[in-house]
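Engineer: Fold the following and give me the result.
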Amino acid sequence: MAKKEPKLPPVKHIAIAGNIGAGKTTLTTLLAKHFGWTPQYEDVENNPYLYDFYENMPRWSFNLQIYFLNSRFSQIIKIQQGNETVIQDRTIYEDAYIFAPNLHAMGLMTRRDFENYTQLFKTISSLIKPPDLVIYLKASIGALVANIQKRGREYEDNLRLDYLRRLNEYYENWAASYKEGKLLVIDVDKYNFAENPEHLNEVINKVRANLMGLF
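Structural biologist: Next comes the predicted model:
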């Protein structure tokens with residue numbers, strides 16, 4: 001007989017953050033299944049800018065980031081207006097504090113575009129509530145590369161190691177200074193939740209403990 005899941009507080013929004021290849025989609029699926037939450041994924045297949053961006057980052061960086069910002073803002077509004085508990089694959093904060101600043105620092109987004117983007121994010125963020133819990137998947141470059149190669153997305157073939165390293169640095173700085181709400185850090189190098197049931201159970205217990213501690 002399956003063990004009954006203890007009743008959790010009435011949370012509405014859980015979000016998973018992490019670098020490219022950290023396992024966000026996998027963990028979103030696993031936690032949604034376990035807790036009975038509604039998963040909400042990043043739509044990479046229908047993104048009209050993604051392939052162009054990886055071919056020519058300076059030309060398409062601003063367009064891509066605006067697309068992501070609008071898409072995630074729309075998702076959050078629906079979450080806040082709905083009645084379901086939703087677990088979201090990637091957060092709106094990652095676009096604003098990690099990807100856009102990195103593109104600007106690398107000279108792949110102009111100062112004018114970056115400032116325009118930043119002001120738009122500030123306006124949007126004033127209209128939304130942060131997630132009840134953010135789960136940050138911390139991963140080494142080796143783990144990221146292994147997962148990226150395993151899933152074999154064609155447009156990710158051009159990803160450079162220095163790009164992933166820079167993103168990891170931004171992620172670490174963001175996680176260390178995150179003050180919007182509750183943050184749970186999961187070390188992907190230590191917890192192979194995708195393939196190891198015991199590791200997944202440990203992650204589930206950590207998530208449950210953090211949610212119970214919200215109230």
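
Engineer: Now do the same contact list for Q80.
Structural biologist: Counting by Cβ atoms under 8 Å, 6 or more residues apart in numbering, Q80 touches K12, H13, I128, K129. Bear in mind the C-beta positions are built from the backbone N, C-alpha and C, glycine included.

Engineer: From Q88, how far out is it?
Structural biologist: To Q88, Q80 is 12 Å away according to Cβ to Cβ, to the nearest Å.

Engineer: Now, of the contacts of Q80, which are buried?
Structural biologist: Burial by neighbour count, 16 or more other Cβ atoms under 10 Å: within the contacts of Q80 this picks out H13.

Engineer: Turn the contacts of Q80 into JSON lines, columns for secondary structure.
Structural biologist: Compiled in JSON lines, the contacts of Q80 are given as follows (DSSP: H, G, I helix; E, B strand; the rest coil):
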{"residue": "K12", "secondary structure": "coil"}
{"residue": "H13", "secondary structure": "strand"}
{"residue": "I128", "secondary structure": "coil"}
{"residue": "K129", "secondary structure": "coil"}
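
Engineer: Going by distance to D43, which of the contacts of Q80 wins?
Structural biologist: H13 (18.2 Å; Cβ to Cβ).

Engineer: per-residue confidence at S61?
Structural biologist: If you check S61, the pLDDT there is 96.

Engineer: count of residues packed around it?
Structural biologist: For S61, the number of neighbouring residues by other Cβ atoms under 10 Å comes to 24.

Engineer: residues in contact with it?
Structural biologist: For S61, the contact set (Cβ under 8 Å, 6+ apart) comprises F53, L103, L108, M109, D113.

Engineer: Pick out the residue nearest the middle of this protein.
Structural biologist: Nearest to the mean C-alpha position of the chain, by Cα atoms, centre = their mean, lies R90 at 2.2 Å.

Engineer: what's the spacing between E195 and I16?
Structural biologist: Taking Cβ to Cβ, one finds E195 at 18 Å from I16.

Engineer: of these two, who's got more company?
Structural biologist: Using other Cβ under 10 Å, the more surrounded residue of E195 and I16 is I16, with 26 against 8.

Engineer: For that one, pull up the helix or strand it's in.
Structural biologist: Taking DSSP states H and E as the criterion, I16 maps to strand 13-18.

Engineer: and the next helix or strand after that strand, what other elements does it pack with?
Structural biologist: Later in the chain than strand 13-18, the nearest helix or strand by DSSP H and E is helix 24-35. Packing partners of helix 24-35 (3 or more Cβ pairs under 8 Å, 6 or more residues apart in numbering; DSSP states H and E): strand 13-18, strand 38-40, strand 86-89, strand 133-138, helix 197-212.
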